[in-house]
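Peer 1: Build me a structure from this.
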Amino acid sequence: MKITAYTYVGDYGQAVRAFDIACEREQAEKINPSDFAVANAYRHFIGSSVQTTTVDAVEPVEGGIRVSVPDFLWESNFTVTASGSASGLSFGKADVTEVRTEIADEFEALREGGVHYRLYTPPCTDPRPLILFLHGGGHSGYDNWRQMVTTYGAAALAERYPDMYVMAPQAIPNKGGKGFRHDPRPDTDEPAAELIEPNTRSFQFPAYFASKDWSCPYLAQICAVIRRMITEGRVDGRRVYVTGLSMGGAGTIRALKVGKGLFAAAVPIAPMMNDEIYYDLRFAGNQKVWVCAAYLDHVFDRNQWIADAILYLRRQGNLDARFTMFSREEIERYQIGTDPGTTLVKKLQQNHCAAFVLTYHNEHGIMDWMTSQIKG
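Peer 2: Got it, this is the predicted structure:
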């Protein structure tokens, strides 16, 4: 049975909107929404699961029916049970034969110099700005896809700024620990990439934990790809930006060091912090950087060290160094952490993720600030 899922990348990641299910026209004309029930469908990240008992609508389409559902995360291990006139059309996630994802599908999958990435290209012929998006922890891999759909980020940026390039590389997983190495790609004979041995001093975590996948050598390769695009006349070298979340927030700060002089502005979001990342931020010089985080999240000392570094930069005369902590009221406006019965631990984890959502929804004009900066 052919089943097509229609998804998009929403505030909480890849979400399902509808399914096309192949069936005979005679059966399709008899089916009602009450003939379907959805189970094990999670509504948002780190939240409670919701059991959807009915679907929103059923309408005939060529070759079958379209079943519109209340939005839920694709990551859910969902099942759709059919009964009555829809008997025989039950399916689970593993049975879906095709997945279409709005905007994310417009990104081209590329690989260059050891970097695998997705690239959104605007419909233009003159040099355009470029936004480099660095994903957070848990989205590393070799599929060149998880960085697109497991969090609100690259697709949202392409939707908000359709006249700009959006580059979304995927970090290659590595093994944490002293002297760790990148794992070689499982489908090639490419050798493992050596990494700089980490410094093990830390405020909260071992140094290999914070931004471990966004290594300096890998970021240097990413910057080389961007510089090539500038040389080719595709990218406006005065308007290259970098932003990332959590592990990618730390990677964003590290990119300012590795690609010094390349970026017009940076927006690190809830960056993982250790002594290396702290000093990279503290000594960012006159580079334009706006750090964002929740007023409180599961890493209690994160904001202390961010504030200390930003204040140092401002005392040195960099008035384009900024720090915003989103308040509880701002976060709750997005219905994050408001579910009854949410534990404190889950709420703090949700706050961490909320910083991504609010930033990329352009709260306080943060993203418009970033994309309006022009390198002199």
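Peer 1: and residue 98, bridged to which residues?
Peer 2: Under DSSP bridges, the beta-bridge partners of residue 98 are residue 4.
Peer 1: Can you give me the domain assignment for this structure?
Peer 2: Residue ranges of the domains in the chain are recorded as 3-101, 104-372, according to automatic domain parsing.
Peer 1: which one of these has the most crowded surroundings?
Peer 2: domain 104-372 (a mean of 19; mean count of other Cβ atoms under 10 Å). For the C-beta atoms, the positions are set from N, CA and C on the backbone; glycine is no exception.
Peer 1: Show the end-to-end separation of that one, please.
Peer 2: Using Cα to Cα, to the nearest Å, the end-to-end distance of domain 104-372 comes to 24 Å.
Peer 1: cool, stretch 94-102 as well?
Peer 2: 20 Å.
Peer 1: average pLDDT for that stretch?
Peer 2: The average of the pLDDT scores along stretch 94-102 is 98.
Peer 1: Check the offset of that stretch from the chain's centre.
Peer 2: Offset of stretch 94-102 from its chain centre (Cα atoms, centre = their mean, to the nearest Å): 20 Å.
Peer 1: Can you tell me what sits against it?
Peer 2: Here stretch 94-102 makes contact (Cβ atoms under 8 Å, 6 or more residues apart in numbering) with 1-9, 14, 19, 74, 148-149, 155.
Peer 1: Run the chain-centre distance for the helix or strand residue 111 falls within.
Peer 2: If you go by DSSP states H and E, residue 111 is part of strand 108-112. The chain centre lies 18 Å from the centre of strand 108-112; the measure is Cα atoms, centre = their mean.
Peer 1: and if you look at stretch 345-361?
Peer 2: That offset, for stretch 345-361, works out to 12 Å (Cα atoms, centre = their mean).
Peer 1: Residues touching the strand holding residue 111, excluding its own?
Peer 2: Contacts for strand 108-112 (Cβ under 8 Å, 6+ apart): 116, 117, 118, 119, 120, 121, 144, 145, 225.
Peer 1: May I have the strands that pair with that strand, each with its orientation?
Peer 2: strand 115-120 (antiparallel).
Peer 1: and which of the contacts of strand 108-112 is nearest to residue 251?
Peer 2: residue 117 (13.4 Å; Cβ to Cβ).
Peer 1: now the strands for the stretch 101-250 of the chain?
Peer 2: Assigned by DSSP state E, counting those that start in this stretch, the strands in the stretch 101-250 of the chain fall at 108-112, 115-120, 128-134, 165-169, 235-245.
Peer 1: what pLDDT, on average, does the second one get?
Peer 2: The predicted model assigns strand 115-120 a mean pLDDT of 97.
Peer 1: and the angle from that strand to strand 128-134?
Peer 2: 130 degrees (axes from the mean of the first three to the mean of the last three Cα atoms, to 10 degrees).
Peer 1: Residue 60 pairs with what?
Peer 2: On the basis of DSSP bridges, residue 60 is bridged to residue 65.
Peer 1: how close does it get to residue 23?
Peer 2: 10 Å (Cβ to Cβ, to the nearest Å).
Peer 1: One more: residue 240?
Peer 2: 50 Å.
Peer 1: on that earlier part again, and the angle for the strand holding residue 111 with strand 165-169?
Peer 2: Put simply, strand 108-112 runs at 60 degrees to strand 165-169, going by the same axes, to 10 degrees.
Peer 1: Only the C-alpha atoms, please, for strand 108-112, written as PDB.
Peer 2: Output of strand 108-112 as PDB, limited to C-alpha atoms (Å, rounded to 0.1, in the frame of the first residue of the first chain):
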ATOM      1  CA  GLU A 108      20.400  20.300  -2.300                       C
ATOM      2  CA  ALA A 109      22.400  17.600  -0.700                       C
ATOM      3  CA  LEU A 110      26.100  18.200  -1.400                       C
ATOM      4  CA  ARG A 111      29.500  16.900  -0.300                       C
ATOM      5  CA  GLU A 112      32.800  18.800  -0.700                       C
END
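Peer 1: If you average the pLDDT over it, what comes out?
Peer 2: Strand 108-112 comes out at a mean pLDDT of 96.
Peer 1: Unless I misread the structure, residue 345 falls within a strand.
Peer 2: No: under DSSP: H, G, I helix; E, B strand; the rest coil, residue 345 sits outside any strand and is assigned helix.
Peer 1: Give me the packing partners of the strand or helix carrying residue 366, helices and strands only.
Peer 2: For residue 366, the host element (DSSP H and E) is helix 366-372. Applying 3 or more Cβ pairs under 8 Å, 6 or more residues apart in numbering; DSSP states H and E, we find helix 366-372 packed against strand 235-245, strand 265-269, strand 289-294, helix 344-360.
Peer 1: Which one of the ones you listed lies nearest to residue 70?
Peer 2: Per Cβ to Cβ, nearest to residue 70 of these: helix 344-360, 19.3 Å.
Peer 1: Just the angle for the closest one relative to strand 235-245, thanks.
Peer 2: 160 degrees.
Peer 1: where along this structure do the helices fall?
Peer 2: Using DSSP state H, the helices found in the chain span residues 25-28, 146-149, 154-160, 216-231, 247-258, 275-282, 302-315, 328-332, 344-360, 366-372.
Peer 1: Compare those helices and say which comes out lowest on pLDDT.
Peer 2: Among the helices of the chain, helix 344-360 scores lowest, with a mean of 88.
Peer 1: on contacts alone, who are the packing partners of that helix?
Peer 2: helix 154-160, strand 235-245, strand 265-269, strand 289-294, strand 321-326, helix 328-332, helix 366-372.
Peer 1: Any idea how far apart the tips of stretch 352-367 sit?
Peer 2: Where stretch 352-367 begins and where it ends lie 18 Å apart, using Cα to Cα.
Peer 1: re earlier: as a markdown table, the helices and strands packed on helix 344-360 with distance to residue 344 would be great.
Peer 2: Output for these, formatted as a markdown table (distance: least, Cβ to Cβ, whole Å):
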| stretch | distance to residue 344 |
| --- | --- |
| helix 154-160 | 28 |
| strand 235-245 | 22 |
| strand 265-269 | 22 |
| strand 289-294 | 14 |
| strand 321-326 | 18 |
| helix 328-332 | 13 |
| helix 366-372 | 27 |
